[in-house]
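Colleague: Generate a structure from the sequence data that follows.
(one chain, ligands or ions: 1)
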Amino acid sequence: MDLPPLDVPPVSPEELLGKEFSRSEVEGFPEVSELEVIRHFTRLSSWNYGVDTGLYPLGSCTMKYNPRINEEVARLEGLATDHPYAPEASVQGCLQVLHETARCLKEITGMDAVTLQPAAGAQGELTGILMIRACLSERGNPRKYILIPDSAHGTNPASATISGYEVRHIKSDAHGCVDLAELDHAMTDKVAGLMLTNPNTLGIFESQIREIADLVHSRGGLMYMDGANMNALVGVARPADFGVDVMHLNLHKTFSTPHGGGGPGSGPVAARKVLEPYLPLPVVEQAADGTFRLNYDRPRSIGRVRAFYGNFGMAVRALAYIQANGFEGLRQTTQDAVLNANYVMRQLQDLFDLPHDRTCMHECVFSDRRQAARGVRTGDIAKRLIDYGFHPYTTAFPLIVPGAMMIEPTESVSKEELDSFIYALRSIAQEVEDDPEFVLKAPYTTRVTRLDEAAAARKPVLRWKPSH
Ligand SMILES: Cc1ncc(COP(=O)(O)O)c(C=O)c1O
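Modeller: Next up, the predicted model:
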């Protein structure tokens, strides 16, 4: 990079920053031109794989397309630039966005109240369980345990534990659903409630959900639903109608806001009247004159779970998505997501073991049992899938399926792309039959092949260091 000659006295880093902030070990930092920097980062970005690149069937993550219109709306002057400390009177539009997003989510879930504050699904879980705890404590007995099926997402037991509960697991039955007899046995007067994912992590709708909710309620417990899989229910079924008391939604999954490396999350919590007083502070309300305000005067609230009102931009994107789709569009989305998952499942079940052979919801779960007999496991098949140009499915989750292969195509994919994906997996199944060693060395087309994944996760090297 060419810069004009300095026309002010040079200042040393120590003078500029103070001694404590000037380090000697950054000496030797490579000197590169602007063009080299641009090429470096552009090259790195092209090595990435994202929803905008191709099918991203990462089960349990709902990696759907994020329409660009949402991004444009979230960047609008006024929505993107308002400050959370601005006086209420000057941010009426932003408050209206929050109020309207909450209203839509109430409609979608059938619930009475919504907070948009939690910043992720897991934080939504924590919020909801703390609300249950506050409610039961007020009744004089917070109780000791939360029941969680063995098919639950890992965040569920973590959230229950952080909320001060002990977790008791209940086994799934042969159909992959909650075993009612087990639940009946476990649901004692020491149990605060059940934390249930529906559809569950096997991609199966808990068809006895009404009986499950009735049983929990009849013993004085409350029903928490992990609603991260709402992509299978929006516009078709409302959790409040089948007995759920409190739940979270993942806006960054179901409502198409970018997630993973693409942006922050949002895990709104929806609750029935009985739990409404405990919602985090503040709550956005509309006064009789139509203006919006933040209500902090809620003495039974569990308090704040996050600064300000949550990740505001995520609410904007979700609202844009909901309004662009409308009711019919949202229902169609759900139906397409379910149809796509069932199509994949039926096209592959002759080659891959299907532990629970029933109509699935938005995702399907195979096991690697047949391929494992040839020494090839779910992770190996996933790595070979990269050579065919696809992002891998979720491997080895849920834990109750040995060698799980969890596939969630979402509604964003065309039939042609689904067929290519099915072709890829069918070809890999054949390769496993013909030459398992070949599959075990995959991927062949990437810049790095088999990494030490445990070391990469536990000892990440995230910053450049001089090599001398
Ligand atoms: C079923 C389920 N529950 C909870 C979560 C946790 O959500 P988050 O990653 O936003 O904390 C996820 C994540 O995708 C999930 O799939």
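
Colleague: next one: the helix ranked longest in the chain to chain centre, how far?
Modeller: Identified as the longest helix of the chain according to DSSP state H is helix 312-348. Relative to the centre of its chain, helix 312-348 is centred 15 Å away, using C-alpha atoms, centre = their mean, to the nearest Å.

Colleague: Now tell me which helix or strand of the protein has the poorest mean pLDDT.
Modeller: When the helices and strands of the chain are scored by mean pLDDT, DSSP states H and E, helix 13-17 comes last with a mean of 83.

Colleague: what about the longest helix of the chain and the ligand, touching?
Modeller: No - counting by C-beta under 6 Å from any ligand atom, no contacts exist between helix 312-348 and the ligand, the nearest distance being 10.8 Å. All C-beta atoms are positioned from the backbone trio N, CA, C, and that covers glycine.

Colleague: From the contact counts, what lies against that helix?
Modeller: Judged by 3 or more C-beta pairs under 8 Å, 6 or more residues apart in numbering; DSSP states H and E, helix 312-348 is in contact with helix 68-74, helix 92-109, helix 251-254, strand 364-367, strand 404-407, helix 415-434.

Colleague: what's stretch 80-100 in contact with?
Modeller: By C-beta atoms under 8 Å, 6 or more residues apart in numbering, the surrounding residues in contact with stretch 80-100 are 74, 78-79, 116, 284-286, 291-294, 307-309, 312-313, 315-316, 319.

Colleague: Buried subset of the residues you listed, written for PyMOL?
Modeller: Here is the PyMOL command that selects the buried residues among these (16 or more other C-beta atoms under 10 Å):
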select buried, resi 74+79+116+284+292+293+294+309+312+313+315+316+319
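
Colleague: number of nearby residues for residue 329?
Modeller: If you count neighbours by other C-beta atoms under 10 Å, residue 329 ends up with 14.

Colleague: For the least confident helix or strand of the chain, which outside residues touch it?
Modeller: With C-beta under 8 Å, 6+ apart, helix 13-17 has contacts from residue 22.

Colleague: hey, C-alpha coordinates of that helix in CSV?
Modeller: Output of helix 13-17 as CSV, limited to C-alpha atoms (Å, rounded to 0.1, in the frame of the first residue of the first chain):
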residue,chain,number,x,y,z
PRO,A,13,3.2,2.6,20.1
GLU,A,14,4.2,3.0,23.7
GLU,A,15,3.5,6.8,23.7
LEU,A,16,0.3,6.3,21.9
LEU,A,17,-1.2,3.4,23.8
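
Colleague: which residues touch residue 125?
Modeller: 155, 156, 159, 160, 195, 224, 226, 248, 267.

Colleague: Which helix or strand contains it?
Modeller: Following DSSP states H and E, one finds residue 125 within helix 121-138.

Colleague: What residues sit buried inside that helix?
Modeller: Quick answer for helix 121-138 (16+ other C-beta under 10 Å): 121-136.

Colleague: What helices and strands are in contact with the helix or strand following that helix?
Modeller: Sequence-wise, the next helix or strand beyond helix 121-138 is strand 145-149, with elements assigned using DSSP H and E. When contacts are defined as 3+ C-beta pairs under 8 Å, 6+ apart, strand 145-149 packs onto helix 155-162, strand 166-170, strand 191-197.

Colleague: show me where pLDDT drops low in the stretch 201-350 of the chain?
Modeller: Within the stretch 201-350 of the chain, the segments meeting pLDDT under 70 span 260-263.

Colleague: Would you pull up the residue in it closest to the ligand?
Modeller: residue 228 (3.3 Å; C-beta to the nearest ligand atom).

Colleague: my read: that residue touches residue 121, true?
Modeller: Yes - with contact defined as C-beta atoms under 8 Å, residue 228 reaches residue 121; the gap is 4.9 Å.

Colleague: Please list the residues of the stretch 51-200 of the chain that sit near the ligand.
Modeller: Residues of the stretch 51-200 of the chain lying close to the ligand by C-beta under 6 Å from any ligand atom are 60, 61, 120, 121, 122, 153, 155, 197.
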